[in-house]
Every structure is written in structure tokens, then in C-alpha cells.
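Asker: Okay, structure incoming, though there's no sequence with it:
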């Protein structure tokens, strides 16, 4: 009787967890449109995750979302929240404002990435072209609260016609981040924003 009950519980757990898994689609190499106004050229395929918990960002990964993730923001409008909002949650919301300076945009992303109690350290912030416009590039370190994994992160962004365009990539710093950083850098160099 106990074995049957244990098997039933295990089978139910597998079904529940399978239902929670976000659908993944392959994004092949070549030029790809992101949103209505941004184009990038991919040097190799990525996996796109349908993740409603990320709000307006597209979520891409190479190794699987628990390991690495690329957040793509394409055309975030003034006063738009950059993450999913949970009903009844006591967490602060972070919204883009079209007059923000690069340091304020990075602080907004820091707030979003630390809503769960993770810790963020800005390593570098510098002007950089992105999408054919003047923008910025930043590097950061993140310690995830849930498992204390040390992540390295890289971001690019610009504001065009009052809308935010940005790429943020993060992965464990010792193996996965250096493995995929060149592909993210290449994608950022190839980005074009239609005016």
C-alpha cells in the first residue's frame, strides 16, 4: 500500500513539474527581429523561453534558464515596469522613465535583479554604441540568494525615441559566462534600432 501511494505521489509531482516547465523554441542563426524596432544578427542558435515571470523581456538561454539567461528589452515605453508584477506582492516595482541617464537605468536593472534578495555589484559602466546610437555598456556581479551562485553579468542599452532597448546576459562566472560572452558581445555589436 505504501509503495503504491509513494509511486502515485512521485508521478503526480512529475506531472506538476512538467506543467511548470516553460516552453522553449530554437532561434536559429541569422538576422532576427526583436520587438518592432530592433534587429540583431545571431552567430549560432539560442533557445527562447516563454517566461511570463519576466514581464516585457524576451528570455533566451544557451544552457537552460537556471544556468544562464539573456534578457532582451525591445522598445520599453516611458513608465513601463521592466519585470512581471505579482498581485499582492510587497516587492517594489521598477519602471523605465524616458529621461533616465545610463547610471539610473543600471540602478533600475539592479533593483529588478535583487527583488528576490540577491546581491548586485556594479563592476563597470562606460559609454558604448548600441543599436546604431549612443548608449552604454556595463558589467556586474550577482550573487543569487536562492543558491549563493556567483554570476557575472554584462549589459548593453540605449534610449531611442523615448524607448529603452537593452540586452542583459548573466551566467555562473567560472565556466558558463566566459563560454558565451563572445556571442553576446557579437549580438550587441550587430544590433540595429529602426528610427
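Answerer: The structure has been received and is ready for your questions. Worth saying up front: this structure is predicted, and the values here are computed from it rather than measured.
Asker: I'd like to know how far the spatially most central residue of the chain sits from residue 99.
Answerer: Centroid-nearest residue in the chain: residue 71, 2.1 Å away (criterion: C-alpha atoms, centre = their mean). Applying C-beta to C-beta, to the nearest Å, the value for residue 71 to residue 99 is 22 Å. In this view, the C-beta of every residue, glycine as well, is placed from N, C-alpha and C.
Asker: try residue 193
Answerer: 18 Å.
Asker: Between those two, point out the one with more neighbours.
Answerer: Using other C-beta atoms under 10 Å as the criterion, residue 193 and residue 99 rank with residue 193 on top: 22 against 9.
Asker: hey, what's the more buried one bridged with?
Answerer: Beta bridges link residue 193 to residue 38 when assigned by DSSP bridges.
Asker: pLDDT at the residue lying closest to residue 163 once chain neighbours are set aside, what is it?
Answerer: Nearest residue to residue 163, sequence neighbours excluded (C-beta to C-beta, 6 or more residues apart in numbering): residue 75, at 4.6 Å. We have a pLDDT of 94 for residue 75.
Asker: Residue 75 and residue 37 touch, don't they?
Answerer: Yes: the criterion here is C-beta atoms under 8 Å, and residue 75 meets it with residue 37 at 5.5 Å.
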